[in-house]
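[1] give the three-dimensional model of this entry:
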Amino acid sequence: MKFEIYGALALFWAFSAAAELKSNLDKDGVVLHGYDAVSYFKSTESKPAEPQKGDPKFQTKYDGAIYFFANEANKKEFLSNSRKYAPQFGGWCAYAVADSKSKVDVDPKSFEIRDGRLLLFYNGVWANTRKKWLKDPKTFLKTADANWPEVEKKEP
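    Numbering: from 1, shown residues only. This next block holds a predicted model:
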């Protein structure tokens with residue numbers, strides 16, 4: 001009986017760990033470094049979207065990740081169509097998924113909305129991958145989509 005319980009716990013832990021590996025989450029399970037997913041889509045003709053930090057008092061859980069929102073209206077909008085607002089490739093760098101089949105953390109302020117999809121990029125000491133991505137975004141997106149089923153199973 002003890003073995004069955006420990007075996008079940010080990011299996012549960014393995015599935016939980018696999019779910020956590022899929023998305024780019026902080027130690028508390030928060031995605032997008034705490035930024036509001038809906039805010040990325042809030043652009044106008046005269047002003048591009050600017051990601052806003054979310055507030056933990058406006059939060060929800062979706063696909064194993066905790067999302068923070070700047071306000072209740074954005075939370076409701078997310079809940080009405082979560083799949084639309086969730087970051088692609090688990091919130092990992094889209095360029096890294098395409099170029100090296102790897103999971104690389106992102107700068108949440110380095111992003112692009114392409115074909116209605118939120119794509120995030122690494123921007124740091126080593127590179128600005130968004131600039132590289134923008135040289136051929138259609139090809140990179142096609143490659144990232146093809147690579148993701150393999151990459152999402154990998155550890156970061």
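[2] from here on, contacts and neighbour counts on C-alpha atoms
    Fine.
[3] C-alpha coordinates for stretch 77-93, PDB please?
    Below are the C-alpha coordinates for stretch 77-93, written out as PDB (Å, rounded to 0.1, in the frame of the first residue of the first chain):
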ATOM      1  CA  GLU A  77     -11.700  40.400 -21.200                       C
ATOM      2  CA  PHE A  78      -9.100  37.700 -20.700                       C
ATOM      3  CA  LEU A  79     -11.600  35.300 -19.300                       C
ATOM      4  CA  SER A  80     -13.900  35.900 -22.300                       C
ATOM      5  CA  ASN A  81     -11.100  34.600 -24.700                       C
ATOM      6  CA  SER A  82      -8.100  33.400 -22.700                       C
ATOM      7  CA  ARG A  83      -6.600  31.600 -25.700                       C
ATOM      8  CA  LYS A  84      -6.400  34.800 -27.700                       C
ATOM      9  CA  TYR A  85      -4.400  36.600 -25.000                       C
ATOM     10  CA  ALA A  86      -2.200  33.900 -23.700                       C
ATOM     11  CA  PRO A  87       1.400  34.300 -24.900                       C
ATOM     12  CA  GLN A  88       2.600  31.900 -27.600                       C
ATOM     13  CA  PHE A  89       5.200  29.300 -26.900                       C
ATOM     14  CA  GLY A  90       4.500  29.300 -23.200                       C
ATOM     15  CA  GLY A  91       5.800  32.800 -22.800                       C
ATOM     16  CA  TRP A  92       9.300  31.800 -23.900                       C
ATOM     17  CA  CYS A  93      11.400  33.700 -26.500                       C
END
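[4] what sits up against it?
    Residues from elsewhere that reach stretch 77-93 (Cα atoms under 8 Å, 6 or more residues apart in numbering): 22-24, 31-32, 37-38, 41, 62, 94, 97, 103-106, 116-122, 148, 152.
[5] and Tyr62, how far from Gly90?
    Distance of Tyr62 to Gly90, computed by Cα to Cα, to the nearest Å: 11 Å.
[6] and the strands in this protein, which stretches?
    Using DSSP state E, the strands of the chain run over 55-62, 65-69, 107-114, 117-121.
[7] okay, now the domains of the chain?
    Per automatic domain parsing, the structural domains of the chain span 1-24+88-156, 26-86.
[8] can I get the strands of the chain in a markdown table with distance to Lys142 and mean neighbour count?
    Shown next, in a markdown table, are the strands of the chain (distance: least, Cα to Cα, whole Å; neighbours: other Cα atoms under 10 Å):
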| stretch | distance to Lys142 | mean neighbour count |
| --- | --- | --- |
| strand 55-62 | 25 | 15 |
| strand 65-69 | 25 | 24 |
| strand 107-114 | 12 | 18 |
| strand 117-121 | 13 | 23 |
